[in-house]
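> model the following, please.
(chains A and B)
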Amino acid sequence: MKSMDSPRLYLEIGQSSLKALHGEQGLELPLERQENGRLTVPCAERLTLSLRAFLKRHNCRPHVPALCALGARGVSLRRLTLPAASPEELQRLLPLQIEREFPLSPNELAWGCRQLRPERPAKNGAPAVQELLVAAVKKEVLQEYLDILVGCGLSPVFTLAALQRSTLCSRPPVAYAVLDIGRTHSELISFENDAPSSIRLLPWGGLNITQGIEQRLAITHADAETLKIHFDEKFVSNGEREQQIQGVFRTESHVLAKTIQPNWIGQKLYLTGATARLRDFAPLLSNAIGGGVECERVELSHGEGRSAAILGLKQACEENGDFLPLILQLNVSRDTETRARPTSWKWAALAAVLAASSLCLRHAEVFLQKPRLARTVAEIKAYRETLPKIERELSFLQYLRTNQPPYLEPLFALASAAPAGARIETLSMNRHGELSLRAAMRDSQQVVDFRSKLIDSGLFSTVVVEEQTPTPDRQKIVVRITGQWKPNATPPARHEAEKSTTPLKARTNLTNQPPPNIGAPSPTTNHP
Amino acid sequence: MSPREKRTVRLASTAIAIYLVIFFGWSGWKHLEAKRSEYQRLLIEAQALKRELQPYENKVLLTQKLKEAFRMDPHKLSRTTLVAEASAAIQQAAGSGGIQVGPIRESPARSSAKELVSMQLEGVGPVPAVITLLHRLETLGYPLIVDSVQINPDATKPGMIKINLTIVILDFDQWKNEVVPHV
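Numbering: from 1, shown residues only, chains lettered A, B, ... in the order given. From the prediction side, this is the model:
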C-alpha cells in the first residue's frame, strides 16, 4: 500500500452500525438490514449522503484511501497448509485450496490470505510446506460496501475488524481470545501462537444486560439502559438496587460464559466494546467461565468513531507503515477494474453525450426551424401572388395623382396677382393646364403688373394678353388673357416647405395639401 | 450455462448490438442528412424570395400612402355602382358646402383613356364653398379627375358665382385587365 500524507479514513462496518474516523473527527451511523443481511436501499442511500457530507465537511480529497474493518458475520477463517511455492504459483494454488475448503467457489468469494509462519524446509523426505491463514466472505457482501464507498469517492481496502482489535492487546499469552461485545452480538476471535485460529459470532450482547435489568427492576427499557450506562458513576445510590443490578450482571455473565467453550479462549480473554467497560464485568465473566481464565478489559479512548477495531487498525497502520496483514480482495483484476470503471465510464459517457450533442446541434436546427421556415416561405409566396395586384393599384393611383390638375394653385396665384379694382368676369381652366380669363381693370399698367405677377408666381409657362379693349366710357380696360400653367409646378412658398420633408412623403402628399386660404378675399382683389 | 457459454452469448450480443447500431445509425444518419439538405434548399429559396421582394417594399409603401391620401381602395370599387355612388357623393359634398347644385349631365367617356363616364355639373355658391368643393373632390374616395372648371359671376345673386365642372370617373377594371409581368 502506498504511503499517504493526509489523514487516512478508518471505517468499521458492523452489524448495526458504521463507524468512521478521519483524523480526530468521528462519525457513527446506524445500519438497517434486510432479512438476508443486505443493507436496505434507503439505508444505503442515507449512508452515501452522510459519508459524502462527512468527507466534504473535512475537506477530504477524491479517492482518499479508506481502511475498512469488516465485522465477523459471514466471515470464514481457515488455516491452510500448502507446499512451498513461489508467489505466482501460490496465486494458482490458493484458489484450488479455497475451492476445496470453502463452501463457495473462489469466484463467489472475496478473500485474502496471510502467511502464518516462515516456510518449514523439507525434512526427512517430507516436502517443504508453508502455513497460510485465509479469510473469506461472500463477494456480494463486500461488493455492496464497495459500491457505497466508491460512490462516496473513496478507495476502500477491506480487512477483518476482529484481527485489528488484537493489536490493542498488551502482552498477550500464547493462546488467547478477544471478545468484542456489541449490542446484540459479540465477536470472538481466538489466537494460538500469535496466529488467529477461529472467529465466531456469539448471540449475546449488551442488550441482554439491559433486558435483564428491565425485568429484574420492572422499569422501562430506557431507564434500564441509563442505569446500565451510569452504573460505573455511582449513579445507583440505592444499595438494594445496586445489588440487583450486580445480580443481573452475574446472571448475564453466566449466560455469556455458557456460549463460550474454554478451549476457544486459551489463557486470557480480552474484552472490548461498550459493555466491557461496565464495572466488575470482566471479573464476573472470569468467574463465570472458570478454569483460571483471566478476563481483561482493553482500555480505549472514548468518542464517536473510536471503536476497538478502528483504533487497532489505526495503530497497526501507524506501527507497520500502512501494511495490513490481511486484505480481503474481491479479485485482483476485477477489483482494479471496478475501481477504474466509474471514472472511465464517466468520461466515456461524457464523450458520448458530447458527440451526440454535436450531432444533435447539426440537426436540431432542421427540426426546430424547418416548420417555421416552410410557413414563412409559403407566406412569402402567397404575398408574391398579390404583388401584380399591388402593381396595378399603384399605377392606377399614380395615374390618378398625376392627372389630377391643381386647380387651386392657379386660383391662388390669380387671387394674389389681381390688382386693386380688378374684376374677373369669366375664368376657365382644364386639366391640360390651359387657362383663359376675361377681366376688367383700371388701366393698362394694372394689366402689365397682373401679367408680370402671374409669370413671377412660377406657375405659368406662358401668359398671353390676347385682347385689351377700353370700355366705351374709357374708365376701364377689358382684357382677355390665356395662359398655360407648368406641369408639376409648385408655388415658391410651398416649394420651400416641401424641401424639409422626405421625397416619398412629399410626393404622396402633393395633392393632399390643404388648400391655401384663397377663399378669403384679398384686400386688393376683386372677385367676380 | 457454463462461463464459456455465457461469454459466447455476451460476445454475440455485443456483436449484434454493434451491427444494429451501425445499421440503424447509418439509415438514421442518411435520413437526417436528407432532411438537412431539404432544409438548406428551403433556406436558399427563402433568401432568393427575400431578394426578389426587396424592391417591392417601396412600392407597397407608396401604394398604401396613396390609398390613404385618396381615401380609396381601388379593389373595393364596384364598376356597376361606381357612377351612381360617385355622383351621389359629389352632390352631397357640394350641397354640404353650400352650393346649389344645378343640372348634371352624364356622357360616356373615352374608353381608350380608361375612363368610365364624363359628368358635367353646374352649381351656384359662394367662393369659399366652390374652393372647398374643388379640394374635397380629390378625397371623396372615388377615382375622379376634374377635366375642366369654368367660373362665372352670377348676375342675379351678388357675391355668388356659377361653377361648371366637367368630371371624369376612371375605370379601374381596365387597369385590372392590364397584364402585369409576374414578379
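> which residues touch residue 106?
Just going to use chain A. Taking C-beta atoms under 8 Å, 6 or more residues apart in numbering or on different chains as the criterion, residue A:106 is in contact with A:94-95, A:98-99. Every residue, glycine included, has its C-beta placed from N, CA and C.
> try again with chain B
Counting by C-beta under 8 Å, 6+ apart, residue B:106 touches B:83, B:87, B:117-120.
> mind picking out the helix or strand in chain B with the poorest mean pLDDT?
The weakest-scoring helix or strand in chain B, judged by mean pLDDT, DSSP states H and E, is helix B:173-176 (a mean of 78).
> next one: it to chain centre, how far?
13 Å (C-alpha atoms, centre = their mean, to the nearest Å).
> repeat that for stretch B:78-86.
Counting by C-alpha atoms, centre = their mean, stretch B:78-86 is centred 19 Å from the centre of its parent chain.
> just the residues contacting it, thanks.
With C-beta under 8 Å, 6+ apart as the test, stretch B:78-86 has contacts from B:106, B:116-117, B:119, B:140, B:142, B:144, B:169, B:171-173.
> got a markdown table for the residues you listed, with secondary structure too?
Compiled in a markdown table, the contacts of stretch B:78-86 are given as follows (DSSP: H, G, I helix; E, B strand; the rest coil):
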| residue | secondary structure |
| --- | --- |
| B:106 | strand |
| B:116 | strand |
| B:117 | strand |
| B:119 | strand |
| B:140 | coil |
| B:142 | coil |
| B:144 | strand |
| B:169 | strand |
| B:171 | coil |
| B:172 | coil |
| B:173 | helix |
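> identify the spatial nearest neighbour of residue B:176, chain neighbours not counted.
residue A:392 (6.1 Å; C-beta to C-beta, 6 or more residues apart in numbering or on different chains).
> can you tell me the SS state at residue A:426?
Assigned by three-state DSSP, the conformation of residue A:426 is strand.
> what's across from it in the sheet?
Residues in a beta bridge with residue A:426, per DSSP bridges, are residue A:438.
> neighbours of residue A:358, how many?
For residue A:358, the number of neighbouring residues by other C-beta atoms under 10 Å in any protein chain shown comes to 9.
> with residue A:453 instead?
For residue A:453, using other C-beta under 10 Å, the count is 16.
> let me know the pLDDT of it.
On pLDDT, residue A:453 comes in at 91.
> do you know how far it is from residue A:413?
Counting by C-beta to C-beta, to the nearest Å, the gap from residue A:453 to residue A:413 is 8 Å.
> what about the residue nearest to residue B:176, neighbour count?
20.
> residue B:9 too?
Quick note: residue B:9 (other C-beta under 10 Å) scores 11 neighbours.
> out of everything not next to it in sequence, what's closest to it?
Residue B:9's closest residue in space is residue B:1 (C-beta to C-beta, 6+ apart), at 7.2 Å.
> for stretch B:134-141, measure first residue to last.
14 Å (C-alpha to C-alpha, to the nearest Å).
> sec struct for the residue of the stretch 101-250 of chain A found nearest chain B, please.
At 8.5 Å from chain B, residue A:107 is the closest residue in the stretch 101-250 of chain A, using C-beta to the nearest C-beta. What three-state DSSP gives for residue A:107 is helix.
> show me what the longest helix along chain B is packed against.
In chain B, assigned by DSSP state H, the helix with the most residues is helix B:3-53. On a contact count with 3 or more C-beta pairs under 8 Å, 6 or more residues apart in numbering or on different chains; DSSP states H and E, helix B:3-53 meets helix A:332-385.
> what's the angle between the helix it packs on and helix B:3-53?
20 degrees (axes from the mean of the first three to the mean of the last three C-alpha atoms, to 10 degrees).
> for the very next helix or strand once past helix A:332-385, list every residue counted as buried.
Going down the chain from helix A:332-385, the next helix or strand is helix A:387-402, by DSSP states H and E. Neighbour counts over helix A:387-402 (16 or more other C-beta atoms under 10 Å in any protein chain shown) mark A:387-388, A:390-394, A:396-397, A:399-401 as buried.
> can you redo those residues as JSON lines with pLDDT?
Shown next, in JSON lines, are the buried residues of helix A:387-402 (pLDDT from 0 to 100):
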{"residue": "A:387", "pLDDT": "83"}
{"residue": "A:388", "pLDDT": "82"}
{"residue": "A:390", "pLDDT": "85"}
{"residue": "A:391", "pLDDT": "85"}
{"residue": "A:392", "pLDDT": "86"}
{"residue": "A:393", "pLDDT": "88"}
{"residue": "A:394", "pLDDT": "89"}
{"residue": "A:396", "pLDDT": "89"}
{"residue": "A:397", "pLDDT": "91"}
{"residue": "A:399", "pLDDT": "89"}
{"residue": "A:400", "pLDDT": "88"}
{"residue": "A:401", "pLDDT": "87"}
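> any regions of the chain where pLDDT drops low?
Just so you know, I chose chain A. Chain A contains residues with pLDDT under 70 at A:1-6, A:118-126, A:232-238, A:321-324, A:331-344, A:487-528.
> hmm, I had chain B in mind actually
B:111, B:177-183.
> before we move on, the earlier item: got a PyMOL select line for the buried ones in the contacts of residue A:106?
PyMOL command restricting the contacts of residue A:106 to the buried ones, with burial defined by 16+ other C-beta under 10 Å:
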select buried, chain A and resi 94+98
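> narrow the contacts of residue A:106 to those in helices?
Per DSSP H, helices hold the following members of these: A:94-95, A:98-99.
> make TSV from these and add distance to chain B to it.
What follows is those, written out as TSV (distance: C-beta to the nearest C-beta, whole Å):
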residue	distance to chain B
A:94	19
A:95	14
A:98	17
A:99	14
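> tell me the one of those residues nearest residue A:457?
residue A:95 (122.3 Å; C-beta to C-beta).
> how near is the closest one to residue A:160?
Residue A:95 is 20 Å from residue A:160, where distance means C-beta to C-beta.
> residue A:92 too?
Distance, residue A:92 to residue A:160, using C-beta to C-beta: 25 Å.
> who has more neighbours, these two?
Each of residue A:92 and residue A:160 has its neighbours counted (other C-beta under 10 Å); residue A:160 has more, 28 against 10.
> list the beta-bridge partners for that one.
residue A:70.
> tell me the contacts of it?
A:69-70, A:72, A:75, A:135, A:199, A:326, A:328.
> among those, the buried ones, what's the ChimeraX command?
With 16+ other C-beta under 10 Å as the criterion, this ChimeraX line picks the buried residues out of those:
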select /A:69,70,72,75,135,199,326,328
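> make a markdown table from the contacts of residue A:160 and add secondary structure to it.
Putting the contacts of residue A:160 into a markdown table (three-state DSSP) gives the following:
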| residue | secondary structure |
| --- | --- |
| A:69 | strand |
| A:70 | strand |
| A:72 | coil |
| A:75 | coil |
| A:135 | strand |
| A:199 | strand |
| A:326 | coil |
| A:328 | strand |
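> just list the residues touching the nearest residue to residue A:204 once chain neighbours are set aside, thanks.
Excluding its sequence neighbours, the residue lying closest to residue A:204 (C-beta to C-beta, 6+ apart) is residue A:256, at 4.8 Å. Contact partners of residue A:256, counting by C-beta under 8 Å, 6+ apart, are A:186, A:202, A:204, A:208, A:285, A:288.
> I appreciate the help and will end here.
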